[in-house]
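> Build me a model:
(chains A and B)
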Amino acid sequence: MESIKHLIDRLSSPQILFFGSLVILVLFLVNLRRSTSWKVILGSFAALAAFYAWALMDKNFRSIVLVPDNVPITLLLVLVMFFTFLGFRKAAANDVRIGKGLGPAEKDETDLRVFVWPDLVYVEFICLILLTVILVAWAIGLQAPLEPPANPSKSPNPSKAPWYFLGLQEMLVYYDPWIAGVLLPGMIIMGLMALPYIDPNPKGNGYYTFKERPFAISMFMGGFLVLWVSLIILGTFLRGPNWNFFGPFEQWRIEKVEPLLNVNLSEYIWVKWMGVGLPKSILVREGFGILGVIFYFGALPPILAFTAFKKLFRQMGWIRYNVMAFLFLMMMALPIKMLLRWSFNLKYIVYIPEYFFNI
Amino acid sequence: MGTKHVEHHYDIPRLNRVFAWSSLALLVSIVGLVWWDYSRPWKRIQRDFMARDLEKTKNDMLAAVPADKQAELDALEKDLAAAKAELDSRERDPKYAADQERAKDAAARQYIVDSTAKKIKSVIDSRRFYYEQALKDEGAEAAEPLGKELHGLIQQRNAKLDELKVADEEAKAANDALAAWTKKQDETQTKINEITKKRDLLAKKAKTLEPDWINKTRNAVILDMLQPTVKPKQIVTSKIQDDWVFEKANKVDRCTSCHLAIDKEGWEQAPQPFRSHPNLALFVSSKSPHKMDDVGCTVCHQGRGWAMDFERATHTPDDEKQKEEWVEKYGWFHDHWWDEHMFPKTFSEAGCYVCHQEQLQFGNFPRRDEKGVMPENAAAAAPLLDQGIKLVYDYGCYACHKIGPMLDPAGSDLGMRDFVKRGPDLRHVGVKLDERFVNKWLQNPKHFRPATRMPRIFGLENHETPELKAREQVEINSVAYYIVSRSTPFTSKDPNDPNQPEQPQHPSGPGDAERGKSMFASVGCLACHTMNGIEPATGKEQWKATFGPDLSAVGSKTTYEWIYSWIMSPVHYAPDTRMPSLRLTPDEGRDVATFLAAQRNEAFDKEEPIGYDPKVLDKVSEEYLLTTLTVDEASKRVATMSTEDKELLVGEKIVNRYGCHGCHWIPGKENEKQIGTELTEEGSKDVERLDFGYLKEEPPHLEPTNYAWFQQKLLHPRSFDRGRDKTPEDLLKMPQFDFTEEQAKAITTFILSLRKTGTIPYTSQKHLNPREKAIEKGHRILLKHNCQGCHSIDGHGGETMASYLPPDAGPPPIDGAGKKIQSQWLFTFLKNPSKLRVISVRMPTFGFTDAEANAVIQYLDAIWNESYPFDSSQPGKLSPEDEPVAKQMFEKAKCQSCHVTSDPPVATDKDKVAPNLLLAKVRLKPNWVNEWLLNPQALQPNTKMPSFYDDTDFTPNPSLAKFFEPANENDPDAIKKQAHKQIDVFRDYLFALRPEDVPKAQQ
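Got it, this is the predicted structure:
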């Protein structure tokens, strides 16, 4: 048992969890029909329950997972799984029907009419009552602790954002606050607002489908499940004191130290590869990084337009395509930086501390 | 559009059922919510207390009327019944009825007139405003009508007031007439009320406690929002504050919501939380100096004052057993959301120091009140804290750790700077010790001298690997060499220094050990030092002095010559030593030194000092050199250095590392800083900032609390290195003091008490008044010079006294010294003690500064509330006719058989243990002499001085009787007067006594 726990602890690292969830998502989407079968759905929930039942016997696991603040994150995991399965199961069934030319299942119902009362309002009312019951039970069952007055000279360790911002906080490991805390969240909101204008495709309106718009759904699910939900779960359960990464069975020891060996791109190029010192001029020193960023946002969209996104470019037109490509690249900036950090210990692509400008 | 209407999408009857069930669930959850909110533990506790209080009140009611008053009460009640019956029988009497009617009418009339007058008055006030307004705005003429109206109203009112006077008189007369009828009844009732006053009050109280339907309704669920009897009780005090980080607010403590009888007497045996505070005289009660409403609870006890639940208030269990009990009973847990957990009971005294930083001790000294009277309950308020402070002082914790209040108490000039160096002066240690001894001593000081306070530095648990052991061997040798070789000769002082002590004295040959031994045993050495085989008996048990070192094997440590020079003049070797001079003659000095030098520990002498591997010395030297040199330079330097140079290098580093200079004067290290963690606010330090290492998970499984950490640190200072991988320089360095668990608890109490004082306004802290300050200064001098080794004060100290027989031959108790001794004489005596009596023990010369000597005198005067430095008490003038009588008394009382009467004492004064009477006039305060002659035993219980008067009826001792006219039998105070007259005359005689007047007959 202990050796399995040690193995799990050893395997728990941001990179494995991040790419693991990415791989699971890809596998899930690639064979939707099978991955939304009852066998897989029930098997997934059973596996989760079994893991919890076994893991809760561990003192360290219990001490984190059973904290009143953290219990709802487990519920979040269950709910996200449930709704993902639900949506995609319906989508998979619809895709089969559409393939047969039957149209989505929802189409059968669209022409039916019922009264608002009782069919709508009654059900909403019952929902309201049940949710109130849940909230009351939750309030009694998982009580918030009585904490000391806030003290700026003594912040808790780890200092964690509210659960819904833990994804953002995870980004802070890789980017400076002005990017991770301002630019990227701003882009998320802007992007969501722009979505209806970028994507006027009426397919999928009012019914579940995957095959009719695989790119849009994959992108969204990748952003939501991998870049948001999994980072929340990771941030809740696996980030401990000093924002160090802890395995689920590891004790959160404040003494734990992880080596910080991160190196900037300019140091890689000038010092490590060319063997000369860093140039004095900021522009020369950071030239490669700046060029890289310009290339990423300036040259990649047209290149992609003629290669990978050829079809999209044709469908969307020049303006929509460029907005979409910019948002897409923005989103991909996080996993790319993660990858660079994990594989090359890369700290900053552009490092200009003189003007507090680091990318 | 081909829409199609269907009746229902859902199965409505099924939805109805779902609705019903979910509504039921909602109801249950809401009821649960309300009930959960209502059924708080403190309410149950309050109800429990009310039941107990009711029972107690009822019991008290039974005893509220004293038994001797019961008969009177019965009689009165009978009278009352009789009076009532009589009044009832008069009911038909037309006169009585008329009087009743008259009183009723008069009252009605009075009411009507009075209310009319009041009504008019209110109209007048309003009209006056309009009139004044009109006068201002419209002029006198236009305002005329308003003025007239006002005057009319005023007249009306005056008429009514006259009418009221008449009505009042009538009402009074009518009531008097009525009262005449009920007079008997009313008077009896008043008498009954007088007797049952206490019972009636208790009955009233019982009514509020009774769980009747009214109280039950008031406390019912939801209805209890109106006016419940069960409610949170809180103390809000402006004298102490709560720190809300951004803001300070008045302290709010709700502890009394459950600790309902904390300030009441009579609940001492009740189970918690209903028990009275154990020390109501000093705390909590409204008569105590720490009133609950002024200071609250958590300023002393810590904890979360506004919490209402047992575990949220952060009650802290005292031991494992209690913890298990609480976990089971209350679901107790360590609440890590709160920093300042309540002190466990053991450490509850740690709350005192946060306000009382100007005081060093709370109980080890006399605690006389402002009038100089010893209070009846003079027990120490904080014995454990006292012990902790004493230990911190004795062991010199402040040598390494800065402890703000101890060295520099806020706002006072009572600093303990005098105390800084606890260990011996090592500046000239080369003449005292050799390297061989230092080497053996450093390995483990307790091996040579079990009672030494010098802690063990080497050979502790974090140096157990062979490498570290080898390294320590090098360190010990290097330090020994460093210390001895850096010491300077005696005469190296600046000859221009006016304070230059006398030159070292050399013995002119050996002395007599036997004479030395008896000298050592009797001259006073044992007040500070111990010596195997010579133990002073205190009457109860063997007593060992711990102030100075145990001298049992001092001959194995140093030489005859050094001992001689040291005891002849300690300040010469160590200018700030606390060892005083006993003014030994050279002969006495040789005897004592010979005796001491012969005290050897043969086994220790034979032991060889520890050696070391020179390669390790090279390695360690190189390591230290690397801090300033490159690798090449360092290895080259090491190759060229002599062994001595390397030892000096390493020795100095180790002296710096372990902070030897904190306790010892070491040449070149005079201005080094303390090496330890500052402890000034250590009690407020976050537990997270204490490095527990692996001792929470591994044995001894420490609790995550600061007191557990402090105790572990004190008992096993290096244990936090267990399981750690550190460089030799990073290893923990606190030495092993071998404290007992009790001592560790005491010191921990003191450390816990070192807290941030920010929440206690300056005016709420204890600040000493001039008297208290004088006493505090005196305490510090007493502590510094171990005065209580010889002298007892109000029963504190003076353990050596009992080994002298008769008691008068020993050091005297200094009880009442402030009342007894004249300041000027005492000043001279303290600076330069002179021989008062013919006894073997000597008052040493301490080398007091003027300031210190004055502080001692001020202290003694302050305790006994004497005026300092002078007072106006004067002896009377001896009249020529009384002189022969006094002289006769002097002879008859045989004063000279005990008292010395020549200055200085002469050979014939041998064995006279009582003080020189010739000095009485300069030495004693006249008033004290009166008290003393009247009853010496009362002032000094074991004195040999006889009482000449019976202490109750003042009957003179037969030998002194009849010097004056026989007592006037008609005056009951005659004998007393006669005794006082005799004493006055005798005192005046003493104060006039000159050497040539001393009668020679008895000498």
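> Going by secondary structure, A:Arg97 is in what exactly?
helix A:71-99 (DSSP states H and E).
> Need the contact partners of stretch A:22-35.
A:40, A:88, A:91-92, A:95-96, A:210, A:214, A:217-218, A:221-222, A:225-226, A:335 (C-beta atoms under 8 Å, 6 or more residues apart in numbering or on different chains). Backbone N, C-alpha and C define where each C-beta goes, glycine included.
> Can you mark which positions in it are buried?
The neighbour-count check on stretch A:22-35 (16 or more other C-beta atoms under 10 Å in any protein chain shown) flags A:Leu22, A:Leu25, A:Phe28, A:Leu29, A:Leu32, A:Ser35 as buried.
> need the contact list for A:Arg225.
One thing to correct before we go on: residue A:225 is Leu, not Arg. A:Ser21, A:Leu25, A:Val80, A:Thr84.
> what about the last one, neighbour count?
As a burial measure, the neighbour count of A:Thr84 was computed by other C-beta atoms under 10 Å in any protein chain shown and equals 19.
> ok, the nearest residue to A:Leu77 once chain neighbours are set aside to A:Leu75 distance?
The spatial neighbour of A:Leu77 that comes closest, neighbours along the chain excluded (C-beta to C-beta, 6 or more residues apart in numbering or on different chains), is A:Ile233 at 6.1 Å. Separation of A:Ile233 from A:Leu75 (C-beta to C-beta, to the nearest Å): 12 Å.
> rewinding a little: let me know whether the residue nearest to A:Leu77 touches A:Ile73 as I believe.
Yes. If you go by C-beta atoms under 8 Å, A:Ile233 and A:Ile73 touch, sitting 6.3 Å apart.
> Now pLDDT and secondary structure too, for the buried residues of stretch A:22-35, in TSV please.
Listed next are the buried residues of stretch A:22-35 as TSV, based on pLDDT from 0 to 100; DSSP: H, G, I helix; E, B strand; the rest coil:
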residue	pLDDT	secondary structure
A:Leu22	92	helix
A:Leu25	94	helix
A:Phe28	94	helix
A:Leu29	94	helix
A:Leu32	91	helix
A:Ser35	92	helix
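> For residue 107, which non-adjacent residue is spatially closest?
The chain I'm using is chain A. A:Tyr207 (6.9 Å).
> Sorry, I should have been clearer: chain B.
Nearest to B:Ala107 is B:Ala171, by C-beta to C-beta, 6+ apart, at 5.9 Å.
> contacting residues for A:Tyr296?
Taking C-beta under 8 Å, 6+ apart as the test, what A:Tyr296 contacts is A:Leu329, A:Ala333.
> returning to that earlier point: out of the buried residues of stretch A:22-35, flag the one nearest to B:Ser487.
Nearest to B:Ser487 among the buried residues of stretch A:22-35, counting by C-beta to C-beta, is A:Leu22 at 74.0 Å.
> Which residues of chain A lie near chain B?
Contact residues, chain A versus chain B (C-beta under 8 Å from any C-beta of the partner chain): A:111-114, A:118-119, A:122-123, A:125-126, A:129-130, A:132-133, A:136-137, A:139-140, A:145-152, A:154, A:157, A:251, A:254.
> So which of the residues you listed sit within helices?
Using DSSP state H to define helices, the subset of these located there is A:118-119, A:122-123, A:125-126, A:129-130, A:132-133, A:136-137, A:139-140.
> Any chance of a PyMOL selection covering the buried ones in those?
What follows is the PyMOL syntax selecting those of those that are buried according to 16+ other C-beta under 10 Å:
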select buried, chain A and resi 118+119+122+125+126+129+130+133+136
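> Kindly present the ones in helices among the residues of chain A next to chain B as CSV, with separate columns for distance to B:Phe870.
Output for those, formatted as CSV (distance: C-beta to C-beta, whole Å):
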residue, distance to B:Phe870
A:Pro118, 104
A:Asp119, 106
A:Tyr122, 101
A:Val123, 100
A:Phe125, 95
A:Ile126, 96
A:Ile129, 91
A:Leu130, 91
A:Thr132, 85
A:Val133, 86
A:Val136, 81
A:Ala137, 82
A:Ala139, 76
A:Ile140, 76
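> got the ones in helices among the residues of chain A next to chain B as JSON lines, with pLDDT columns?
Below are these laid out as JSON lines (pLDDT from 0 to 100):
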{"residue": "A:Pro118", "pLDDT": "86"}
{"residue": "A:Asp119", "pLDDT": "88"}
{"residue": "A:Tyr122", "pLDDT": "94"}
{"residue": "A:Val123", "pLDDT": "94"}
{"residue": "A:Phe125", "pLDDT": "96"}
{"residue": "A:Ile126", "pLDDT": "96"}
{"residue": "A:Ile129", "pLDDT": "97"}
{"residue": "A:Leu130", "pLDDT": "96"}
{"residue": "A:Thr132", "pLDDT": "96"}
{"residue": "A:Val133", "pLDDT": "96"}
{"residue": "A:Val136", "pLDDT": "94"}
{"residue": "A:Ala137", "pLDDT": "93"}
{"residue": "A:Ala139", "pLDDT": "90"}
{"residue": "A:Ile140", "pLDDT": "89"}
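> Could you pull up the contacting residues of A:Gly103?
A:Arg97.
> same thing but at 10 Å, please
By C-beta atoms under 10 Å, 6 or more residues apart in numbering or on different chains, the contact list for A:Gly103 reads A:Asn94, A:Arg97, A:Thr110, A:Tyr207.
> quick one, phi/psi of the last one?
So that's A:Tyr207. phi -150, psi 160 (degrees, to the nearest 10).
> What count of nearby residues applies to the residue in the stretch 351-500 of chain B positioned nearest to chain A?
Closest to chain A within the stretch 351-500 of chain B is B:Asn462: 17.2 Å, counting by C-beta to the nearest C-beta. Look at B:Asn462: counted by other C-beta under 10 Å, it has 19 neighbours.
> Repeat that for the one 10 residues further on.
B:Glu472 is flanked by 22 other residues according to other C-beta under 10 Å.
> List the residues that contact the most centrally placed residue in chain A.
The residue lying closest to the centre of chain A (C-alpha atoms, centre = their mean) is A:Leu227, at 1.7 Å. Each residue near A:Leu227 by C-beta under 10 Å, 6+ apart is listed here: A:18, A:21-22, A:167, A:170-171, A:184, A:188, A:331-332, A:334-335, A:338.
> That one belongs to a helix?
Yes. According to DSSP: H, G, I helix; E, B strand; the rest coil, A:Leu227 belongs to a helix.
> Quick check: it vs chain B, distance?
As for A:Leu227, its distance to chain B is 33 Å (criterion: C-beta to the nearest C-beta, to the nearest Å).
> On the pLDDT front, check B:Asp950 for me.
With respect to pLDDT, B:Asp950 scores 66.
> again, but for B:Trp543
Taking B:Trp543 on its own, its pLDDT is 67.
> residue ranges of the strands in chain A, please?
Counting by DSSP state E, chain A has strands at residues A:112-113, A:351-352, A:357-358.
> Most tightly packed of these?
Mean neighbour count (mean count of other C-beta atoms under 10 Å in any protein chain shown) peaks for strand A:351-352 among those, with a mean of 19.
> Check which helices and strands that one sits against.
Other helices and strands packing on strand A:351-352, by 3 or more C-beta pairs under 10 Å, 6 or more residues apart in numbering or on different chains; DSSP states H and E, are helix A:265-266, helix A:282-285, helix A:287-294, strand A:357-358.
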